[in-house]
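Visitor: coords below, sequence missing:
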């Protein structure tokens, strides 16, 4: 089903173009069969014309149903679906995204995030398009940490943050979104759910056809100690 949604989203323009061409052909067929039926005089001739007209009506009704279905899916259903629906890797319930009101101590911890280091983009990062500004490479993390950066590419589709122990290709999705963001919060990670050690964080951005760009990867260390 996800493949069907991705197909509609990626080829929406082409589908509408084909539907319009088909609608023109079917409309002309309906008009011709109606004229034939209306101008028929003899009984057998009218019966044959009536059947052709009925088939033309059925084909046009089927076209209209398909057109309306495509419009509803692409205009209302797909845009309202959660971003995780379009993520090719499963979202593992390994990390918890905090919600609700946070304590004064937590707010102070979050506000004390390090300043972005604009010249250090790590592997795969692209200035002003795919950037992780915070945490910075090599930073020690504890507690709940904001993931700050930029996701802004031509024909933007969605982004997702993933985490994996260093040297192990075992990625788990932390956060995902479908909104262009410039140097702001992309998500949060609760490091208390991770075993202390070295980890890789990667930011993946895909365009509106579902094609992913090379990931932006930074190395961090989880200490397990809340400062």
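Guide: The structure has been received and is ready for your questions. As the structure is a computational prediction, the values presented were derived from the model and not from experiment.

Visitor: Going by C-alpha atoms from here, please, whenever you check contacts or count neighbours.
Guide: Will do.

Visitor: buried set for stretch 135-155?
Guide: By neighbour count on 16 or more other C-alpha atoms under 10 Å, the buried set for stretch 135-155 is 135-137, 140-153.

Visitor: Equivalent analysis for stretch 174-188, please.
Guide: Result for stretch 174-188 [16+ other C-alpha under 10 Å]: buried residues 174-178, 180-184, 186-188.

Visitor: just curious, which of these is nearest to residue 36?
Guide: residue 178 (52.8 Å; C-alpha to C-alpha).

Visitor: and the nearest residue to that closest one once chain neighbours are set aside, how many neighbours?
Guide: Nearest residue to residue 178 in three dimensions, chain neighbours excluded: residue 158, at 4.2 Å (C-alpha to C-alpha, 6 or more residues apart in numbering). Burial of residue 158 is recorded as 24 neighbouring residues (other C-alpha atoms under 10 Å).

Visitor: Please name every helix or strand in contact with the host helix or strand of residue 158.
Guide: Using DSSP states H and E, residue 158 sits within strand 156-165. Packing partners of strand 156-165 (3 or more C-alpha pairs under 8 Å, 6 or more residues apart in numbering; DSSP states H and E): strand 172-177, strand 197-207.

Visitor: try 10 Å this time
Guide: On a contact count with 3 or more C-alpha pairs under 10 Å, 6 or more residues apart in numbering; DSSP states H and E, strand 156-165 meets strand 144-151, strand 172-177, strand 181-190, strand 197-207, strand 216-222.

Visitor: Looking at those strands, spot the one closest to residue 35.
Guide: Taking C-alpha to C-alpha, strand 197-207 is the member of the helices and strands packed on strand 156-165 nearest to residue 35, at 48.7 Å.
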